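*Asks:* Got a sequence here, can you build the structure:
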Amino acid sequence: MNMAGNHLNAQIRKFILDKFPLARKQQIKDSDPLLESGVLDSLGVLDLVSFVEQEFSVHVADDELTPENFQTIDRIAAFIESKSGT
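*Replies:* Next comes the predicted model:
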């Protein structure tokens with residue numbers, strides 16, 4: 001992964017750790033499933049999408065709200081990279 005990817009992961013991780021106490025409690029890794037582990041629920045996903053859109057200036061379409069894109073911190077970072085063309 002490139003440097004931008006590592007930076008994205010760090011920003012996403014910080015948001016998730018700040019916003020969702022269970023993430024801190026479970027000491028999540030970038031590859032951990034956020035939904036299955038209970039760290040994110042449906043409202044949490046909406047918070048995360050809002051953060052991604054504002055922080056990284058990307059638009060998340062309804063059909064992009066899939067586990068493939070938001071399952072893990074790694075996948076979220078890859079999704080942002082694909083949307084921003086970096």
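*Asks:* any weak-confidence spans in this protein?
*Replies:* Filtered on pLDDT under 70, the chain yields the residue ranges 1-5, 85-86.
*Asks:* rerun at 90
*Replies:* Counting by pLDDT under 90, the chain has low-confidence residues at 1-6, 42, 67, 84-86.
*Asks:* in the lengthiest helix in it, what counts as buried?
*Replies:* If you go by DSSP state H, the chain has its longest helix at helix 3-19. Across helix 3-19, burial judged by 16 or more other Cβ atoms under 10 Å covers G5, L8, N9, Q11, I12, R13, F15, I16. The way it works is simple: take the backbone N, C-alpha and C, and place the C-beta from them, glycine included.
*Asks:* Kindly report the same for stretch 56-69.
*Replies:* Neighbour-count burial for stretch 56-69 flags F56, V58, V60, N69 (criterion: 16+ other Cβ under 10 Å).
*Asks:* Give me the contacts around that stretch.
*Replies:* Identification of contacts with stretch 56-69 by Cβ atoms under 8 Å, 6 or more residues apart in numbering yields L8, L35, V45, V49, V52, E53, R75, I76, F79, I80, K83, S84.
*Asks:* quick one on the thing from earlier: now the buried residues of helix 3-19 as a markdown table including distance to R24?
*Replies:* Shown next, in a markdown table, are those (distance: Cβ to Cβ, whole Å):
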| residue | distance to R24 |
| --- | --- |
| G5 | 23 |
| L8 | 20 |
| N9 | 16 |
| Q11 | 16 |
| I12 | 14 |
| R13 | 11 |
| F15 | 12 |
| I16 | 9 |
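*Asks:* Nearest to V39 among the buried residues of stretch 56-69?
*Replies:* Distances from V39 to these, taken as Cβ to Cβ, are shortest for N69 (15.9 Å).
*Asks:* how far away is that closest one from L43?
*Replies:* Separation of N69 from L43 (Cβ to Cβ, to the nearest Å) stands at 17 Å.
*Asks:* cool, and L34?
*Replies:* Distance, L34 to L43, by Cβ to Cβ: 13 Å.
*Asks:* Which of those two has more residues huddled nearby?
*Replies:* L34 (26 against 8; other Cβ atoms under 10 Å).
*Asks:* which residues in the chain form strands?
*Replies:* With DSSP state E as the criterion, the chain has no strands.
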